[in-house]
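Peer 1: Sharing a sequence plus its predicted fold:
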Amino acid sequence: MTLANRQWLSPFMRQSRQEGRGDADAALLAPDARQAAALRPGPPILLVTVDTEAEFDWEGPFLRSLTSVRNVREQQAAQAIYDRFGVRPTYFVDYAVATQPEGYLPLCDIAQSGRCEIGAHLHPWITPPLTEELGERSSFSQNLPVALQRDKLARLTDAIHANFGTRPVCYRAGRLGIGEEAAEILAELGYEIDSSVLSGIDMRRRHGPDFRRALDRPYWFGRGGRLLEIPVTCGFVGLLSCPAGSRAIGVDLYHRLRQPLLHRLHVPGVFARLRLLEQIPLSPEGVGFAELRRLTRILLGRGQRVFVLMYHSSSLLPGNTQYVRSQLQLSSFLRTIEQYLELFLGEMGGVTMTSSELHAVLLQSQDVTKAAATVAAAAR
Ligand SMILES: [Zn+2]
């Protein structure tokens, strides 16, 4: 499909053109509801995504020297499960993985046999040019000068191209650090898909982005609405969470509970224990199978169709993340993934896609929507 064909694609852009804005920018962080990607009726869709990166101390300082990628070969344990279920995960790789044979070779084997997709994952503190001062704030790339963000992503993209043989089209920012300026940078470097948004979450207290107004389903953004955002799945559940249509109230209430005073009084924890209001990410990291099942059922009930499961590659090498400290915990982690796939692809009748496949399906859905609109207009 040509870019010219895609300009009309989202209803948002149709309106923009009517308003004379033509090639307007469509927001990433606070999108209009009309930017939501149309999806024809069908089964729920699961995407599995892995932030594939160097082992680093999540609690420690950001160091340029933390580039060990021993964990990458351990991905085979989860990949064996995906192979059995026909799941092709997206491995978002950082610069350490993309440039060291110990990082890229195990994934090249999987990618060359078509069993996964390779995306880019920018950890600015280890990606050249290494000109910024290190710290919590600069670990979120949206806080860096735009030219430096662009140069770092260009270096990462080139490294992936050189060592995997293909240019990545999907992106996830390290620590989910993304801002509106990313649209321009991603488009310039040939990306089509971003998956950095964690809808409903406000990370500003730690210098991160504010995703409270982002949509919780795929949507078009950037110049002419040509890029696709596929948000990571995270839901507000509990007696005080809201049915479809008033999700914003749940998001607002959750953030009010996290005000410093209420947080010190452990109010959010009390609400969670009483099952009044909880925020649950779709991830085997710190979330058990029963919770993932509960979250998925609730979101399905609210009409959600696209589910994005995510975790970090370093969780597969015990001792590197807080979620997997021992072989026993690793077995349980892998079992949770397996049980979730059994549930989603079995009992729930779901299907699985790569990020690029979902992108293609959504482009096609827009074509059908356009054809229907043309027929309806002709009939009037
Ligand atoms: Zn990361």
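Peer 2: Arrived safely. Being a predicted model, the structure only gives us computed values, none of them experimental.
Peer 1: helix/strand/coil for residue 180?
Peer 2: coil (DSSP: H, G, I helix; E, B strand; the rest coil).
Peer 1: Where does the nearest residue in space to it that is not next to it in sequence sit, in terms of helix or strand?
Peer 2: Spatially, and ignoring its direct neighbours in sequence, residue 180 is nearest to residue 28 (5.6 Å; CB to CB, 6 or more residues apart in numbering). Bear in mind the C-beta positions are built from the backbone N, C-alpha and C, glycine included. Using DSSP states H and E, residue 28 maps to neither a helix nor a strand.
Peer 1: ok, residue 28 - contacts?
Peer 2: 178, 179, 180, 182, 183, 194, 197, 214, 221, 222, 229 (CB atoms under 8 Å, 6 or more residues apart in numbering).
Peer 1: Distance check, it against the ion.
Peer 2: According to CB to the ion, to the nearest Å, residue 28 stands 19 Å off from the ion.
Peer 1: Check that residue and give its pLDDT.
Peer 2: Per-residue pLDDT puts residue 28 at 97.
Peer 1: go on, residue 366?
Peer 2: 81.
Peer 1: That one and residue 36 touch, don't they?
Peer 2: No: the pair residue 366 / residue 36 is not scored as a contact, 11.1 Å apart, by CB atoms under 8 Å.
Peer 1: Counting neighbours, go ahead and name the busier of those two.
Peer 2: A direct count of neighbours by other CB atoms under 10 Å for residue 366 and residue 36 places residue 366 higher, at 22 against 18.
Peer 1: what's the burial count for the residue in the stretch 151-300 of the chain that the ion sits nearest to?
Peer 2: Scanning the stretch 151-300 of the chain for the residue nearest the ion gives residue 174, at 4.2 Å (criterion: CB to the ion). By the criterion of other CB under 10 Å, residue 174 has 24 neighbours.
Peer 1: Name the nearest residue to it, sequence neighbours excluded.
Peer 2: residue 123 (4.0 Å).
Peer 1: Look at the closest residue to the ion within the stretch 251-380 of the chain and say how many residues are nearby.
Peer 2: Nearest residue of the stretch 251-380 of the chain to the ion: residue 312, at 6.4 Å (CB to the ion). Residue 312 has 21 neighbours, counted by other CB under 10 Å.
Peer 1: Excluding chain neighbours, give the residue nearest to it in space.
Peer 2: Sequence neighbours aside, residue 51 is the residue nearest to residue 312 in space, at 4.8 Å (criterion: CB to CB, 6+ apart).
Peer 1: quick one, what contacts the one you found?
Peer 2: Taking CB under 8 Å, 6+ apart as the test, what residue 51 contacts is 92, 94, 121, 172, 174, 310, 311, 312, 313.
Peer 1: Sheet-wise, list the partners of the helix or strand where the first one lies with their directions.
Peer 2: Right, residue 92. For residue 92, the element it lies in under DSSP H and E is strand 90-93. Strand pairing for strand 90-93, using DSSP bridges, gives strand 45-52 (parallel), strand 117-122 (parallel).
Peer 1: starting at the chain centroid, how far to it?
Peer 2: 10 Å (CA atoms, centre = their mean, to the nearest Å).
Peer 1: Render the CA-only coordinates of that strand in PDB, please.
Peer 2: Provided in PDB are the C-alpha atoms of strand 90-93 (Å, rounded to 0.1, in the frame of the first residue of the first chain):
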ATOM      1  CA  THR A  90       8.500  -9.800  18.700                       C
ATOM      2  CA  TYR A  91      11.900  -9.500  20.300                       C
ATOM      3  CA  PHE A  92      12.600  -5.800  20.700                       C
ATOM      4  CA  VAL A  93      16.500  -5.800  20.900                       C
END
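Peer 1: Other residues contacting it?
Peer 2: Contacts for strand 90-93 (CB under 8 Å, 6+ apart): 47-53, 75, 103-104, 107, 110-111, 116-121, 160, 170-172, 195, 313, 354-355.
Peer 1: what do you get for stretch 327-347?
Peer 2: With CB under 8 Å, 6+ apart as the criterion, stretch 327-347 contacts 44, 46, 77-78, 81-82, 85, 87, 284-285, 287-289, 292-293, 296, 307, 309, 315-316, 318, 323-324, 350-352.
Peer 1: What subset of the residues you listed is buried?
Peer 2: Among those, those classed as buried by 16 or more other CB atoms under 10 Å are 44, 46, 78, 81-82, 85, 87, 284, 287, 289, 292-293, 296, 307, 309, 315-316, 318, 323-324, 350, 352.
Peer 1: hmm, back to that, could you tell me how many residues sit around the residue nearest to residue 174?
Peer 2: 25.
Peer 1: In terms of pLDDT, where does it sit?
Peer 2: 97.
Peer 1: what separates the nearest residue to residue 188 once chain neighbours are set aside from the ion, distance-wise?
Peer 2: Distance criterion CB to CB, 6+ apart; nearest residue to residue 188, sequence neighbours excluded, is residue 150 at 7.2 Å. Using CB to the ion, residue 150 is found at 19 Å from the ion.
Peer 1: what number of residues lie near residue 150?
Peer 2: Neighbours of residue 150 (other CB under 10 Å): 19.
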